[in-house]
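Engineer: after the sequence you'll find the predicted model.
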Amino acid sequence: MKIVSLNLGLPRDVVWHGHTVTTGIFKSPVDGPVTARKLNLDGDRQADLSVHGGEYKAVYVYPFEHYDYWKRKLSGRDLPLGVFGENLTTEGLLETEVHIGDRFAIGKTGSACILAGSAEFTVTQPRLPCYKLGVRFEADDMVKKFLASRRTGFYLAVTKEGQVAAGDEIKLLSRDPNAISIAAFVELYVTKNWKPADITQIRRLFDLSSLPNDWKSYFDHRLQDTRP
């Protein structure tokens with residue numbers, strides 16, 4: 001597992017449907033190491049901090065493997081790395097294999113292990129697209145396509161500050177035995193009528209310290225609504 005591209009960007013104003021929108025979704029690849037801090041990567045910012053950024057959304061990851069799908073889906077469109085607004089374009093980290101609460105170290109390797117001083121991260125949640133993805137792609141239906149694809153990517157919290165760069169190796173440090181995959185989490189979110197097995201999975205989420213409380217509240221409220 002590794003970082004294919006490290007992408008940064010600062011908020012900018014763009015005109016969409018006749019209105020000026022401030023967005024940080026425009027990211028571009030950078031060379032050299034960048035320091036991962038508690039709230040973001042150096043040189044990267046989010047525009048609307050009420051829904052983007054913060055401790056639980058410090059770094060956004062998107063699998064490089066999904067680019068082939070989008071090249072077919074969005075035929076003829078240029079798709080530079082970072083186009084989905086991701087900070088890390090990665091190889092080997094698919095939503096079906098990455099779990100809420102997974103801890104990763106990212107850094108340079110030496111003697112088959114990641115060297116001391118590497119940054120460490122915890123997976124917190126999937127990315128749910130907002131209308132600004134449509135702004136980036138200049139297409140109102142992009143948000144719907146993105147969620148329907150289930151190729152959402154996921155967010156990381158920075159649990160140990162350190163430097164990361166394109167080409168760095170990614171190593172799994174630990175996995176919570178009660179965790180569920182990003183893919184399973186997204187299915188729970190989009191499913192309208194939960195089965196008993198779904199409810200069992202949801203109850204496991206409440207024990208995950210890495211999952212933000214607003215997600216726990218969301219699922220708790222839905223559970224309340226399902227009770228007779």
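Structural biologist: Right, received. Where do you want to start?
Engineer: all contacts plus neighbour counts: C-alpha atoms, from now on.
Structural biologist: Will do.
Engineer: who's in contact with the residue positioned nearest the centre of the chain?
Structural biologist: Centroid-nearest residue in the chain, with C-alpha atoms, centre = their mean: Phe154, separated by 2.3 Å. Phe154 makes contacts with Tyr60, Val61, Tyr62, Glu95, Val123, Thr124, Gln125, Pro126, Arg127, Ile182, as judged by C-alpha atoms under 8 Å, 6 or more residues apart in numbering.
Engineer: how about the nearest residue to the fifth one, chain neighbours excluded?
Structural biologist: Spatially, and ignoring its direct neighbours in sequence, Val123 is nearest to Leu156 (4.6 Å; C-alpha to C-alpha, 6 or more residues apart in numbering).
Engineer: following the chain past whichever strand or helix holds the one you found, name the next helix or strand.
Structural biologist: Here Leu156 sits within strand 154-160, counting by DSSP states H and E. With elements assigned by DSSP H and E, the helix or strand that comes after strand 154-160 is strand 162-164.
Engineer: show me what that next one packs onto, helices and strands only.
Structural biologist: In terms of contacts (3 or more C-alpha pairs under 8 Å, 6 or more residues apart in numbering; DSSP states H and E), strand 162-164 is packed against strand 34-36, strand 103-107, strand 119-126.
Engineer: make it 6 Å
Structural biologist: Judged by 3 or more C-alpha pairs under 6 Å, 6 or more residues apart in numbering; DSSP states H and E, the packing partners of strand 162-164 are strand 34-36.
Engineer: quick one: contacts for the residue nearest to Val123?
Structural biologist: Lys57, Val59, Phe121, Thr122, Val123, Thr124 (C-alpha atoms under 6 Å, 6 or more residues apart in numbering).
Engineer: can you tell me the helix or strand for Val14?
Structural biologist: With DSSP H and E as the criterion, the answer for Val14 is strand 12-16.
Engineer: avg pLDDT for that strand?
Structural biologist: Computed over strand 12-16, the mean pLDDT rounds to 95.
Engineer: contact partners of it?
Structural biologist: Looking at what lies outside strand 12-16 - C-alpha under 6 Å, 6+ apart - the contacts are Thr20, Val21, Thr22, Thr23.
Engineer: tell me the angle the strand holding Leu156 makes with strand 103-107.
Structural biologist: 70 degrees (axes from the mean of the first three to the mean of the last three C-alpha atoms, to 10 degrees).
Engineer: direction included, what does strand 154-160 pair up with?
Structural biologist: In the sheet, strand 154-160 lines up against strand 59-63 (antiparallel), strand 119-126 (antiparallel) (DSSP bridges).
Engineer: avg pLDDT for the longest one?
Structural biologist: When you say that, I think you mean strand 119-126. 97.
Engineer: beyond it, next helix or strand please.
Structural biologist: Past strand 119-126, the next helix or strand by DSSP H and E is helix 131-137.
Engineer: what are the C-alpha coordinates of that following helix, in PDB please?
Structural biologist: C-alpha atoms of helix 131-137 as PDB (Å, rounded to 0.1, in the frame of the first residue of the first chain):
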ATOM      1  CA  TYR A 131     -22.800  19.900  -4.100                       C
ATOM      2  CA  LYS A 132     -19.200  21.200  -4.500                       C
ATOM      3  CA  LEU A 133     -18.300  18.000  -6.200                       C
ATOM      4  CA  GLY A 134     -20.800  19.000  -8.800                       C
ATOM      5  CA  VAL A 135     -19.100  22.400  -9.000                       C
ATOM      6  CA  ARG A 136     -15.700  20.800  -9.500                       C
ATOM      7  CA  PHE A 137     -17.000  18.600 -12.300                       C
END
